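1. just to be clear, the model below is a prediction. Sequence and coordinates:
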Amino acid sequence: MADPVPFPSALLRRSFRKAFPPAVRGEGVYLWDDRGKRYLDFSGSAAVNFIGHGVQEIPDAMAAQARNLEFVHSSQFTTPVAEEYAQELLDFAGVNFRGGCVYFTSGGSEAIETALKLARQYQVEIGQSKRYQVLSRSQSYHGATLGALAVSGNRRRREIYLPMVREFAQIGLPYCYRCAYDCEECARKYAEELETAIELTNGEAAAFISEPVSGATLGAAVPPDGYLRQVAEICRRHDVLFIVDEVMTGMGRTGRNFAVERWGVAPDVLVTAKGLSSGYAPLGAVLVSKKVSDAISCGSGSFLHGFTYNSHPISLAAGRAVLRYSQKLKLVQSADSARGDTPAAELRKSLETLREFEAVGDVRGIGLLWGVEFVADKPSKKPFAPGLNFAARVAEATMRRGLLVYPMQGSVDGVSGDHLLIAPPAVIIDEQIHWAVDQLRDSIEETAGLDLVRRN
């Protein structure tokens with residue numbers, strides 16, 4: 001066992017072998033550490049911040065709520081902010097959730113747990129108590145709690161906990177750069193994997209969960225047209241609930257209120273977090289369609305689930321203020337990479353220039369969610385050896401230059417494969433995008449050069 005690097009701290013940090021600079025201030029797309037160094041937040045921390053740092057309207061709304069009422073337990077009271085914000089979210093989600101309801105949590109993992117339990121209770125309420133399995137996709141990520149890990153496919157984050165979780169079937173997912181079907185009718189073939197998996201459960205499938213656009217695990221892999229619609233139809237035909245995980249893609253990140261709108265998909269349950277509060281407070285939400293909420297309200301009448309801090313008034317005040325601020329500045333439109341003259345369109349164009357590097361195999365994404373995949377050999381798409389930790393080294397190089405990106409490993413098989421996730425706030429401007437891509441370019445060149453020296 002290696003000795004820990006001596007960084008004295010009472011805090012149990014993400015790593016004992018890495019120094020983390022204390023962050024003390026944020027404004028717009030920038031963060032500052034305690035030594036005054038400025039960083040451009042090119043990843044929105046972890047695809048969290050959408051409206052920008054330091055927006056005074058958000059803490060003002062939180063303070064106003066705190067002065068009136070800081071907390072009540074949801075088993076005893078509701079609150080005006082919860083009722084009003086829930087309706088605003090349903091309106092934001094559109095016609096599919098008209099007449100539905102919202103369950104608020106303290107973050108994405110809690111929201112996924114809620115959705116999984118909700119799917120099971122729905123099936124029991126409608127007389128299908130045999131149904132309990134929740135199918136999911138390999139190379140996916142749905143959260144850090146044990147239930148969320150059970151339906152995730154991120155090997156690195158779940159491997160040591162597998163003896164503690166109940167696993168169900170996982171299917172392949174569209175990943176065009178490394179498509180298992182060579183992109184020949186792949187939308188249909190990937191969707192058919194779901195139908196086969198459902199049939200193999202012998203009537204025990206309760207739900208299927210997926211991200212509409214892959215998040216951290218595959219780095220913004222966008223599905224082929226038709227895939228999500230076929231998946232939704234298969235779920236409907238087999239009476240399996242379709243749960244969409246929009247923790248990362250929701251609240252405007254992809255240039256739509258929610259990513260599924262781009263493909264005309266109507267899920268039964270939609271989970272969102274991250275951009276929901278843009279990081280100003282811990283917050284997640286489960287949007288439930290009328291079909292699902294009616295099954296419980298007209299059945300047992302009680303959802304057998306709860307957290308102490310669900311529907312926390314101060315967090316809800318933050319979320320409601322973020323939504324209103326985003327709508328006021330039309331930030332969802334700013335995140336549409338298909339529109340001309342938007343930050344998202346400029347980001348797409350600038351990131352595409354990175355393809356000239358031999359170490360860059362793919363640049364993919366949509367809106368303000370992009371992935372840059374690295375390869376050791378471009379023609380064969382051979383990944384770098386995991387031990388090189390190529391993406392993390394690129395991220396270290398960018399950080400030295402004052403740029404923050406989100407590195408990940410395992411995109412090829414759960415162990416091999418390096419990529420960066422790029423997800424800046426929607427308030428980023430062209431000049432900042434160009435500077436950021438220049439720093440990223442220099443960092444890739446530096447890291448690839450050092451790798452070449454090591455191999456020689």
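-> Sure thing, it's come through.
2. so where is the stretch 251-400 of the chain shaky, pLDDT-wise?
-> Applying pLDDT under 70 to the stretch 251-400 of the chain flags no residue at all.
3. ranges for the helices of it?
-> 290-297, 313-329, 331-334, 343-352, 390-400 (DSSP state H, counting those that start in this stretch).
4. pull the residues that contact the third one.
-> Residues outside helix 331-334 that contact it (Cβ atoms under 8 Å, 6 or more residues apart in numbering): 50-51, 252, 255-257, 325-326, 339, 342-344, 368, 426-427. C-beta: built from backbone N, CA, C; applies to glycine.
5. flag every buried residue along it.
-> Residues of helix 331-334 classed as buried under the neighbour-count rule (16 or more other Cβ atoms under 10 Å) are 331, 332, 334.
6. now flag whichever of these is closest to residue 353.
-> residue 334 (21.0 Å; Cβ to Cβ).
7. for the nearest residue to the closest one once chain neighbours are set aside, what are its contacts?
-> The spatial neighbour of residue 334 that comes closest, neighbours along the chain excluded (Cβ to Cβ, 6 or more residues apart in numbering), is residue 426 at 4.5 Å. Contact analysis of residue 426 by Cβ under 8 Å, 6+ apart lists 50-52, 252, 326, 329, 331-332, 334-335, 343-344, 368.
8. cool, residue 287 as well?
-> 89, 90, 93, 97, 100, 102, 269, 270, 271, 272.
9. again, but for residue 35
-> residue 21.
10. ramachandran angles for it?
-> Backbone geometry at residue 35, expressed as degrees, to the nearest 10, gives phi -100, psi 0.
11. any idea how far it is from residue 402?
-> Here the criterion is Cβ to Cβ, to the nearest Å. By it, residue 35 lies 12 Å from residue 402.
12. next: residue 247.
-> Taken as Cβ to Cβ, the span from residue 247 to residue 402 is 28 Å.
13. so which of those two has more stuff around it?
-> residue 247 (28 against 15; other Cβ atoms under 10 Å).
14. sec struct for the one residue sitting closest to the centre of the chain, please.
-> The C-alpha lying nearest the average C-alpha coordinate of the chain belongs to residue 248 (Cα atoms, centre = their mean; 2.3 Å). Following DSSP: H, G, I helix; E, B strand; the rest coil, the label given to residue 248 is coil.
15. report the contact partners of it.
-> 47, 211, 213, 215, 216, 274, 369, 423.
16. distance check, the fifth one against residue 427.
-> Right, the one you point to is residue 216. Residue 216 is 22 Å from residue 427, by Cβ to Cβ.
17. need the contact list for the closest residue to residue 291 other than its chain neighbours.
-> Leaving out its chain neighbours, the residue that sits closest to residue 291 by Cβ to Cβ, 6+ apart is residue 268, at 6.5 Å. Residues near residue 268 by Cβ under 8 Å, 6+ apart: 207, 235, 241, 242, 243, 288, 289, 291, 292.
18. now go through these and say which are in strands.
-> Among the contacts of residue 268, DSSP state E puts 207, 241, 242, 243, 288 in strands.
19. count the residues that sit near the last one.
-> Put plainly, it is residue 288. There are 25 residues near residue 288, going by other Cβ under 10 Å.
20. is it true that it touches residue 121?
-> No - the pair residue 288 / residue 121 is not scored as a contact, 11.1 Å apart, by Cβ atoms under 8 Å.
21. so which bits of the longest helix along the chain are buried?
-> As assigned by DSSP state H, the longest helix anywhere in the chain is helix 430-455. The neighbour-count check on helix 430-455 (16+ other Cβ under 10 Å) flags 432-433, 436-437, 439-441, 443-444, 446-448, 451 as buried.
22. could you do stretch 41-54 as well?
-> Buried residues in stretch 41-54 (16+ other Cβ under 10 Å): 41, 42, 43, 44, 45, 47, 48, 49, 50, 51, 52, 53.
23. stretch 357-368 now?
-> In stretch 357-368, counting by 16+ other Cβ under 10 Å, buried: 357, 359, 360, 361, 362, 363, 364, 365, 366, 367, 368.
24. same deal with stretch 385-405?
-> 386, 388, 390-395, 397-399, 401, 403-405.
25. again, but for stretch 338-347
-> Here stretch 338-347 shows 342, 343, 344, 345, 346, 347 as buried, counting by 16+ other Cβ under 10 Å.
26. redo those as CSV? Include distance to residue 198.
-> Shown next, in CSV, are the buried residues of stretch 338-347 (distance: Cβ to Cβ, whole Å):
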residue, distance to residue 198
342, 39
343, 40
344, 36
345, 39
346, 42
347, 38
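27. which single one of those residues is nearest to residue 157?
-> residue 347 (27.1 Å).
28. for the residue nearest to the closest one when sequence neighbours are not counted, give me its contacts.
-> Spatial nearest neighbour of residue 347, chain neighbours left out: residue 433 (5.4 Å); criterion: Cβ to Cβ, 6+ apart. Residue 433 makes contacts with 343, 346, 347, 350, 424, as judged by Cβ under 8 Å, 6+ apart.
29. distance of residue 433 from residue 292?
-> 40 Å.
30. with residue 48 instead?
-> Residue 48 sits at a distance of 27 Å from residue 292 (criterion: Cβ to Cβ).
31. one step back: and the two most separated of the buried residues of stretch 357-368?
-> 359 and 367 (25.0 Å).
32. where exactly do the helices run in the stretch 1-150 of the chain?
-> So, for the stretch 1-150 of the chain - with DSSP H, counting those that start in this stretch - the helices run 44-47, 57-68, 80-93, 108-125, 146-150.
33. pick the most buried one from those.
-> For the helices of the stretch 1-150 of the chain, average neighbour numbers computed from mean count of other Cβ atoms under 10 Å are highest in helix 108-125, which has a mean of 24.
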